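Asker: Pasting the sequence and the predicted coordinates here, then a few questions.
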Amino acid sequence: MKRKRIALIGASGRMGQAIASALQKDKSVSLDLGFSKSRPSEKVVKQFFVYKTKFDLKDFNQIDLIIDFSSSSCSLKALKLATHARIPFISGTTGFSKKQFAYFERASKKIPIFYSSNFSFGILVLRKILSDPQLKKFFQRVEIEETHHRLKKDRPSGTAKTLQKDLSLDFGPVRIHSIRKGVEPGHHRVLFKNNFEQIELSHKAFSREVFSNSISLILNFMAGKRIGFFDMMSL
Ligand code: NAD
């Protein structure tokens, strides 16, 4: 079988590197193109056939699929080109405004898009547990606490906003408390309270690999999709 040719946007970043090492073990893909803002170490550059610090439409000529873990502005630029070139797009970038994110919905009418603010299987299961109607029946108050490393650019985290959106359907406005410290890859706690008791549901990532571990499964899931918007809940 012909290998899928991948372009990785944000290839030098913490997530880009976790994704690149996961994909190097996957015989169904080849890392053809890597992009980042500036040229990283030769060790990173050597993982790709071609490495660039700027991209435009012609760079995607021979590409079957784009994976993006970068920044909101860079991600949108890549998505616009992907839509134009009709290339499937997988993104885990966070920090989009509502207006920016609306473009994802529009683009999914032309290409298949997989987007999730959290690629871990644990958060997928946590979101399913949060939809249990008994939580709403017996607990009146809910709040979210998220802790991440000091270099994280967005606050609150994309995952906390996803959990907030899920919960606000039942509970109305939900407060998020954000903590930035150390090298924490991601810890999310959801607290349900009534006047007599509290339930605490928590997910803790041990390392960034928790977010790249799912990438081969996502690639399989996306194979053959022609248009549409998909996320971890679609798996
Ligand atoms: P990082 O700062 O370590 O890496 C960002 C990468 O994007 C770098 O390679 C940088 O050069 C590139 N980049 C940024 N802006 C660019 C631009 N304008 N042009 C070209 N390249 C550009 O960040 P990170 O920790 O790897 O996180 C990247 C994104 O992924 C963030 O939005 C983060 O919140 C998100 N994230 C998602 C998940 C998930 O599971 N979905 C998990 C962790 C992080």
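Answerer: Everything's here; your move.

Asker: How about the residues of this structure by the ligand?
Answerer: Contacts of the chain with the ligand, taken as C-beta under 6 Å from any ligand atom, map to 10-16, 35-37, 69-71, 73-74, 92-95, 116-119, 154, 158, 211. The C-beta positions use only the backbone N, C-alpha and C, and glycine is treated the same way.

Asker: tally of neighbours for the residue of the chain found nearest the ligand?
Answerer: When scored by C-beta to the nearest ligand atom, the chain has G13 as its residue closest to the ligand, at 2.0 Å. The tally of other residues near G13 (other C-beta atoms under 10 Å) stands at 21.

Asker: excluding its backbone neighbours, what's nearest it?
Answerer: Nearest in space to G13, with sequence neighbours left out and distances taken as C-beta to C-beta, 6 or more residues apart in numbering, is F69 at 6.1 Å.

Asker: which residues touch that neighbour?
Answerer: Applying C-beta atoms under 8 Å, 6 or more residues apart in numbering, one finds that F69 lies in contact with 8-10, 13, 15-16, 19, 91-93.

Asker: do the same with L163
Answerer: So L163 contacts 126-127, 130, 144, 174, 188, 190 (C-beta under 8 Å, 6+ apart).

Asker: Next step: those residues restricted to helices.
Answerer: 126-127, 130 (DSSP state H).

Asker: Go ahead and confirm the residue of the chain closest to the ligand touches K37.
Answerer: No - checked against C-beta atoms under 8 Å, the pair G13 and K37 is beyond contact range at 9.2 Å.

Asker: which ones are touching the residue nearest the centre of the chain?
Answerer: In the chain, the residue lying closest to the centroid (C-alpha atoms, centre = their mean) is G92, at 2.0 Å. Counting by C-beta under 8 Å, 6+ apart, G92 touches 15, 68-69, 115-119, 211.
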